[in-house]
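Novice: Only the shape, not the letters, is given here:
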């Protein structure tokens, strides 16, 4: 068997059919499955059957289009693909099973052939972790990498990220980075060895969005369960609202800001936003990580606040319009008096905190709590880390919209 | 001015128009606003203008229907209205401004005249608190009151409750109470002095549901922003998903279990459930309240678990399919080893926890975490309090559906 052959590999009860890749090592076979995803298979006990020889030009040298697709094309924009890990990144990373500092256009196109002809690519690995292990420190590494890529000339950036905490990372980047080009997060809800995988369409649509004229941090994921359109979400308004659906990501309190039609390769936007080139590139990566998100439940002992005595910030997920039990209010007042910024959000998720309606709310405002409007609790957590490190009056900033995270009451995003 | 007069009351910048009620005291005027809601107004600085005399028969003695509507009608079912406080209850309670142990049919009909002719009523006040101040101890008082009312012959129970934590209380009651009659929670998202108030329709629909043949704990609230239909939600699957909309309550992961058409007074159900009389009345009110809900965020220090060392139970709102950072797993394993039940839910809210897919999840299962399936985090918190006090194997019970809170994978509730 040789790279480029179509093979069937049986190992234990698992059977895979696909094209053998050149990155095969002594220990592992790498097989490109239908859909462009590579799977690594331990050679031990693996039975390989060659189904057809030379079905795929793994070197990209005689693709009938006059040479390698990998040569730099002056007519195409340059997109930097940054990998942080997760299901989508394994499309590229799984090939070697190792974290490498760089990957090149050849690696990208070998993994997702559909990306060919849309851009010149360069690749970069910032991390290779499942996104539940993401930390504010990695957010900072990522923001710096994105900044460097744009500074070095990238016309757009695609960040491949696990879906579990994508909304937190994308939010954090939106606060840290002033960008003159699109920065588009994408991921995959279904691993690519499943026929229903969303990785190829999401990657392709993310590249289309990254070459569009909208210069902000976006999240690009399936708009519905069909393979036809990706939604573009503003980073600070998006939420993973389902554990497993491909269209799990939803803009909260508004329609998605835009969409990418997969077939026609059309990127369109429902609302205005910063245009390409409008904003000067800048990075403010400092974060105060001593911030905690606390969800209030009935009867919860105010002692739950005791371990937050030294916290720089606390985001409370209150009930309804932004409430907690009366016996929490003195404790919160103490925290605020001791210098902790306490921001109120709602566990309803949709709608706006408004603490001027009921007594509890007014008491909270008197205690020094700042209302985060309709900012999502997860976004508020990332924002508070950022405002504490970058703003003279971080509490006041929590009541303002910095990058579209807090929708003004008078301009509904419908 | 006399009770029954239509008056305009100005106090400061606030002006109210309505009917003066007989419960007016030396300190307060009580005015019934259009829609049936009573508002109490401090007499100090209040200017009253009588607009029309004797527009409303406040005594209910000469209503032209042959006497008081309050006489017991053998042909009607008897509904017990239990008040716990909140915006809806103030319809009844505000009249006196005080907590009274009982209120009678006359009080009910004076507050919401539309309820006349639908049932015989008796009323009972369990608490008079905004629902953010609700506690498991009040859940128990309420469960005992509901149990007593049914034992005393109520054909249905309507619980008036603040909307902020209604889903927690309704869930708790669903676990505590085996009921042969409907127990219907309702509330109000808009105070009744607003033209858009939902209190009358919600109360009327709740009474219709309470006289239906479905014997389980339900939540009855506006189905849409129109005043035509209330949705009926299973107590353990409902969530307040908006801070202010009248249709804020939604069944998660399914359509609402039923609906009440306000105009035609028709109650209908989409899915089967326990019929009236099918279940024997029983109460298991014990709760282990040493349970906390913890929402995981990226980079969150495992020290956030330290104050839970002595907790009987912890519900984790993990990411995605039910994940936390790797550095939490040892800490969770210690908690479980020391006897704390740790149940996993998802902050996605929609969809199902499944910790068999990724390494993190498998490690969590090895650490002794129990998966709560698609149980909502808020419901799981109430459930864990109940299972710890009532089940020999509370952890195992968190993986089973007791009262419809955990939807079996094979029977989607569409």
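Specialist: Happy to help now that I have it. What you see is a predicted model, and the numbers here were worked out from it, not measured in a lab. Numbers count the residues shown, from 1 in each chain, chains lettered A, B, ... in the order given.

Novice: Apart from its neighbours in sequence, what residue is nearest the residue of the stretch 101-250 of chain A found nearest chain B?
Specialist: Nearest residue of the stretch 101-250 of chain A to chain B (Cβ to the nearest Cβ) works out as residue A:243 at 3.1 Å. All C-beta spots, glycine's among them, are computed from the backbone N, C-alpha and C. Spatial nearest neighbour of residue A:243, chain neighbours left out: residue B:351 (3.1 Å); criterion: Cβ to Cβ, 6 or more residues apart in numbering or on different chains.

Novice: who are the neighbours in contact with the residue of the stretch 101-250 of chain A closest to chain B?
Specialist: Residues near residue A:243 by Cβ atoms under 8 Å, 6 or more residues apart in numbering or on different chains: B:320-322, B:346, B:348, B:350-354.

Novice: can you pull the pLDDT of the most centrally placed residue in chain A?
Specialist: By Cα atoms, centre = their mean, the mean C-alpha position of chain A lies nearest to residue A:166, the distance being 3.6 Å. Residue A:166 is assigned 97 on the pLDDT scale.

Novice: Would you confirm that it contacts residue A:185?
Specialist: Yes. With contact defined as Cβ atoms under 8 Å, residue A:166 counts as touching residue A:185 (5.6 Å).

Novice: for chain A, longest helix please?
Specialist: Longest helix in chain A, counting residues (DSSP state H): helix A:136-151.

Novice: Quick one: residues in contact with stretch A:204-212.
Specialist: Here stretch A:204-212 has contacts from A:77, A:79, A:112, A:114-115, A:118-119, A:155-158, A:181-186, A:218, A:220, A:230, A:232, A:258, A:260, A:262, A:265, A:267, A:276, using Cβ under 8 Å, 6+ apart.

Novice: again, only this time at 6 Å
Specialist: With contact meaning Cβ atoms under 6 Å, 6 or more residues apart in numbering or on different chains, stretch A:204-212 is reached by A:77, A:79, A:114-115, A:118-119, A:156, A:158, A:182, A:184, A:186, A:218, A:220, A:230, A:232, A:260, A:262, A:265, A:267.

Novice: Please check the residues you listed and keep the buried ones.
Specialist: Buried members of the contacts of stretch A:204-212, counted by 16 or more other Cβ atoms under 10 Å in any protein chain shown: A:77, A:79, A:115, A:118-119, A:156, A:158, A:182, A:184, A:186, A:218, A:220, A:230, A:232, A:260, A:262, A:267.

Novice: on that earlier part again, what residues of the longest helix of chain A count as buried?
Specialist: Here helix A:136-151 shows A:136, A:138-140, A:142-143, A:145-147, A:149-150 as buried, counting by 16+ other Cβ under 10 Å.

Novice: ok, residue A:74 - how many residues close by?
Specialist: Counted with other Cβ atoms under 10 Å in any protein chain shown, the neighbours of residue A:74 add up to 5.

Novice: Quick check: phi and psi on it?
Specialist: phi -60, psi -20 (degrees, to the nearest 10).

Novice: where does chain A dip in pLDDT?
Specialist: In the predicted model, chain A carries pLDDT under 70 at residues A:21-26, A:32-39, A:55-70, A:87-103, A:192-193, A:409-414.

Novice: what does it put close to chain B?
Specialist: A:132-136, A:164-165, A:168, A:240-244, A:293, A:295, A:297-299, A:307, A:319-321, A:323, A:325-326, A:346, A:348, A:350-352, A:360, A:381 (Cβ under 6 Å from any Cβ of the partner chain).

Novice: Go through these and flag which are in helices.
Specialist: A:136, A:168, A:360, A:381.

Novice: Reformat those residues as CSV; add distance to residue B:86.
Specialist: Listed next are those as CSV, based on distance: Cβ to Cβ, whole Å:
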residue, distance to residue B:86
A:136, 39
A:168, 34
A:360, 12
A:381, 29
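
Novice: OK, contacts around residue A:159?
Specialist: A:82, A:185.

Novice: 8 Å instead, please
Specialist: A:82, A:84, A:142, A:146, A:169-170, A:173, A:183-186.

Novice: Among those residues, which are located in strands?
Specialist: A:82, A:183-186 (DSSP state E).

Novice: Which one of those residues is nearest to residue B:285?
Specialist: Nearest to residue B:285 out of the ones in strands among the contacts of residue A:159 is residue A:185 (Cβ to Cβ; 47.9 Å).

Novice: Now do the strands in the stretch 1-150 of chain A.
Specialist: Under the criterion DSSP state E, counting those that start in this stretch, the stretch 1-150 of chain A contains strands at A:6-11, A:14-20, A:28-32, A:38-42, A:47-52, A:78-83, A:102-103, A:120-125.

Novice: per the record, what domains does chain A have?
Specialist: Under the assignment automatic domain parsing, the domains of chain A span A:6-52, A:78-283, A:291-398.

Novice: any chance of the contacts of residue A:243 in a markdown table, with neighbour count and distance to residue B:250 too?
Specialist: As requested, the contacts of residue A:243 are exported to a markdown table (neighbours: other Cβ atoms under 10 Å in any protein chain shown; distance: Cβ to Cβ, whole Å):
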| residue | neighbour count | distance to residue B:250 |
| --- | --- | --- |
| B:320 | 29 | 21 |
| B:321 | 25 | 22 |
| B:322 | 34 | 22 |
| B:346 | 30 | 17 |
| B:348 | 25 | 15 |
| B:350 | 18 | 10 |
| B:351 | 20 | 15 |
| B:352 | 21 | 17 |
| B:353 | 27 | 20 |
| B:354 | 19 | 23 |
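
Novice: Confirm for me that residue A:173 is in contact with residue A:142.
Specialist: Yes. Using Cβ under 8 Å, residue A:173 is in contact with residue A:142, at 6.7 Å.

Novice: For the residue nearest to residue A:170 when sequence neighbours are not counted, grab phi and psi.
Specialist: Nearest residue to residue A:170 in three dimensions, chain neighbours excluded: residue A:235, at 3.7 Å (Cβ to Cβ, 6+ apart). Note on residue A:235: backbone dihedrals following degrees, to the nearest 10 are phi -50, psi -40.

Novice: For residue A:235, which residues are in contact?
Specialist: A:167, A:170-171, A:173-174, A:185, A:216-219, A:403.

Novice: Where do the helices of chain A begin and end?
Specialist: Under DSSP H, chain A gives helices at A:86-93, A:105-111, A:136-151, A:166-176, A:199-210, A:329-337, A:359-366, A:377-390, A:394-398.

Novice: Could you say which one of these comes nearest to residue B:9?
Specialist: Closest approach to residue B:9 among the helices of chain A is made by helix A:359-366 (21.7 Å; Cβ to Cβ).

Novice: Figure out how far that closest one is from the centre of its chain.
Specialist: 36 Å (Cα atoms, centre = their mean, to the nearest Å).

Novice: Quick one: residues in contact with that helix.
Specialist: A:321-324, A:326, A:329, A:332-333, A:344, A:354-356, A:371, B:130, B:132-133.

Novice: hang on, the earlier thing: out of the ones in strands among the contacts of residue A:159, which one sits closest to residue A:196?
Specialist: Closest approach between those and residue A:196, by Cβ to Cβ: residue A:186, at 16.6 Å.

Novice: Report the spatially closest residue to that closest one, excluding sequence-adjacent ones.
Specialist: In space, residue A:186 is closest to residue A:206, 3.8 Å off (Cβ to Cβ, 6+ apart).
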